[in-house]
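In: compute the structure for the input listed below.
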Amino acid sequence: MLLDQPVLEGPISKQYSILDKGIWRWPNGSTPDKGGNTVLIGHRFTYTNPQGVFYFLNKVSLGGEIGIFWNNHEYLYRVVSISEVSPTDTAIENDTQDSRLTLFTCTPLWLPKNRLVVVAELENKL
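Out: Numbers count the residues shown, from 1 in each chain. Here you go, the predicted structure:
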């Protein structure tokens, strides 16, 4: 899976307006070029846009690859865990020693009471 969407930057105070435009990088997290935990958040759906940028995030499978471009480099990650957590579980945003990508969105579809979390570890920088 190659994320074919721009990754948007901005403060937490503007998270809702940014998320309405696409994928938002958690500003307290890292970036692929610095290692640690790069956290990307996206809507699975909204009532005005039924197929958000992470609409099909539940189709990602363990062992699958996720690629992103950052500062003119491609970073390839391998999915190591898929889980569901409560919206109050902020541990998924914590920094890590390893280089990882954490993607999360609301779940289940149309009744967003939890968060679907996909964690992938860096395999290769091209």
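In: so for the residue nearest to residue 73 when sequence neighbours are not counted, what's the pLDDT?
Out: Spatial nearest neighbour of residue 73, chain neighbours left out: residue 125 (5.8 Å); criterion: C-beta to C-beta, 6 or more residues apart in numbering. The way it works is simple: take the backbone N, C-alpha and C, and place the C-beta from them, glycine included. With respect to pLDDT, residue 125 scores 78.
In: next: residue 109.
Out: Reported pLDDT for residue 109: 86.
In: what does residue 1 give?
Out: In the predicted model, residue 1 carries a pLDDT score of 58.
In: helix, strand or coil: sort out the spatially most central residue of the chain for me.
Out: Per C-alpha atoms, centre = their mean, the C-alpha nearest to the average position across the chain is that of residue 103, at 2.2 Å. Put simply, residue 103 is strand when judged by DSSP: H, G, I helix; E, B strand; the rest coil.
In: tell me the pLDDT of it.
Out: Residue 103 is assigned 97 on the pLDDT scale.
In: was I right to think it contacts residue 54?
Out: Yes - using C-beta atoms under 8 Å, residue 103 is in contact with residue 54, at 6.8 Å.
In: joint contacts of those two?
Out: By C-beta atoms under 8 Å, 6 or more residues apart in numbering, residue 103 and residue 54 have these common neighbours: residue 42.
In: quick one, what contacts the nearest residue to residue 118 once chain neighbours are set aside?
Out: Of all residues not flanking residue 118 in the chain, residue 103 sits nearest, at 4.5 Å (C-beta to C-beta, 6+ apart). Applying C-beta under 8 Å, 6+ apart to residue 103 gives the contacts 39-42, 54, 57, 66, 117-120.
In: equivalent analysis for residue 15, please.
Out: The contact partners of residue 15, taken as C-beta under 8 Å, 6+ apart, are 24, 41.
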